[in-house]
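S.K.: Below: sequence and its predicted model.
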Amino acid sequence: MTDLPLREGLFHIPESPGDKPYLIGSRCRVCGYACFPGKSVCVRCRRDDTMAEIKLGPYATLETFTVMRVGPHDFPPPYVIGYVRMKEGAPVFTLITDCEPKDDALKLGQEMELVIGKIREDSRGNNVIGWKFKPAERQVT
Ligand SMILES: [Zn+2]
């Protein structure tokens, strides 16, 4: 069984303890707009030479979520998906892990933490590796 990234260049997989995962996005040097995945053109100020690569994570705030009760055959429900907003400002659509698939399992505005790990198996039995978020374990200061 092999680990396959969902797509190259979207995130950093930690290689040792203490090495933190992060997503690879971009930020506009002129207006500050940040996004994930990264873009080459700023959608806010419409310039095409101002976007710079940035690291996003590992912390974010939960903006919205929903419990999925139907799903594709290779992704059995129930599971939780949502939008989080990275501390760096970029919104990220994500699978949410380490929580009960219940409507009251999470609170809007709570701190979430990035996890890079197995999302599903492909048809050949490989682990597809991608990003997901779990409720943050650290104390919010
Ligand atoms: Zn801009």
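M.R.: That came through fine. Please read these numbers as outputs of a predicted model, since none were measured by experiment.
S.K.: near the ion, which residues of the protein?
M.R.: Within the chain, the positions lying close to the ion (CB under 5 Å from the ion) are 28, 30-31, 33, 42, 44-45. Any C-beta I mention is one placed from the backbone N, CA and C, and that applies to glycine too.
S.K.: List the buried residues for the helix or strand containing V84?
M.R.: If you go by DSSP states H and E, V84 is part of strand 79-86. Using 16 or more other CB atoms under 10 Å as the test for burial, strand 79-86 gives 80, 82-86.
S.K.: Could you dump the residues you listed into TSV and include pLDDT?
M.R.: As requested, the buried residues of strand 79-86 are exported to TSV (pLDDT from 0 to 100):
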residue	pLDDT
V80	96
G82	97
Y83	98
V84	98
R85	98
M86	98
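S.K.: These into TSV, with extra columns for distance to L108?
M.R.: Compiled in TSV, the buried residues of strand 79-86 are given as follows (distance: CB to CB, whole Å):
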residue	distance to L108
V80	13
G82	9
Y83	10
V84	11
R85	11
M86	16
